[in-house]
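Enquirer: Predicted model and sequence follow; I will ask about them next.
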Amino acid sequence: MSDLSDWNIIYAYTRAQAIADGVLIDVTDTAEAMGFKVPVAVTANLFDQFIQASEALIAEGQTTEARLRDVLMLLLFKIKLRPNTDRIYYDVSFAMAPAERNISRTVKVLAVIGPGDSGEPVLTIMLPEDD
């Protein structure tokens, strides 16, 4: 078996590139304010479909920031229950329409901690199909 250092890298896509391209949304500032100790990003897919509040929801008082905080708070609870794992699946309920229509959706979310561009621990929150 050959040493991996002998391999030619054809293509590498870094976390920094994914954030710059909008594939990942950096939410580290909000996460740190809630007690997270590592950089945190969510996939654009999760953010666009569920975290970003629609105009109708904003008119009712919901905010994108509050929806993000819900995702992060639920994850903090799950981490306390399972501190020694690198992957956590959990459910988040999102209002999808104004209250009078009472439409919500429970979504399975995946959080993965792993190495960042320089080997540092980073956390990524996504829909399972984004993995």
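Expert: Yes, it's here. Residues are numbered from 1 along each chain as shown.

Enquirer: now the spatially closest residue to Asp86 that is not a sequence neighbour, what's its secondary structure?
Expert: Nearest in space to Asp86, with sequence neighbours left out and distances taken as Cβ to Cβ, 6 or more residues apart in numbering, is Ile113 at 5.2 Å. Every residue, glycine included, has its C-beta placed from N, CA and C. Here Ile113 is recorded as strand under DSSP: H, G, I helix; E, B strand; the rest coil.

Enquirer: Tell me which stretches of the protein form helices.
Expert: Along the chain, the stretches classed as helices by DSSP state H are 15-21, 28-33, 44-46, 55-59, 64-81.

Enquirer: still on that earlier bit, so what's the residue nearest to Asp86 up against?
Expert: Taking Cβ atoms under 8 Å, 6 or more residues apart in numbering, we find Ile113 in contact with Val38, Asp86, Pro121, Val122, Leu123, Thr124.

Enquirer: Of all the residues in the worst-scoring helix or strand of the chain on mean pLDDT, which ones are buried?
Expert: The helix or strand of the chain with the poorest confidence is helix 55-59; it has a mean of 91 (mean pLDDT, DSSP states H and E). By 16 or more other Cβ atoms under 10 Å, the buried positions in helix 55-59 come out as Leu57.

Enquirer: Outside of it itself, which residues are in contact with it?
Expert: By Cβ under 8 Å, 6+ apart, the surrounding residues in contact with helix 55-59 are Ala95, Ala97, Pro98.

Enquirer: Any chance of CSV for these, columns pLDDT, distance to Ala18 and neighbour count?
Expert: Formatted as CSV, the contacts of helix 55-59 follow (pLDDT from 0 to 100; distance: Cβ to Cβ, whole Å; neighbours: other Cβ atoms under 10 Å):
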residue, pLDDT, distance to Ala18, neighbour count
Ala95, 91, 28, 19
Ala97, 83, 31, 14
Pro98, 76, 33, 14
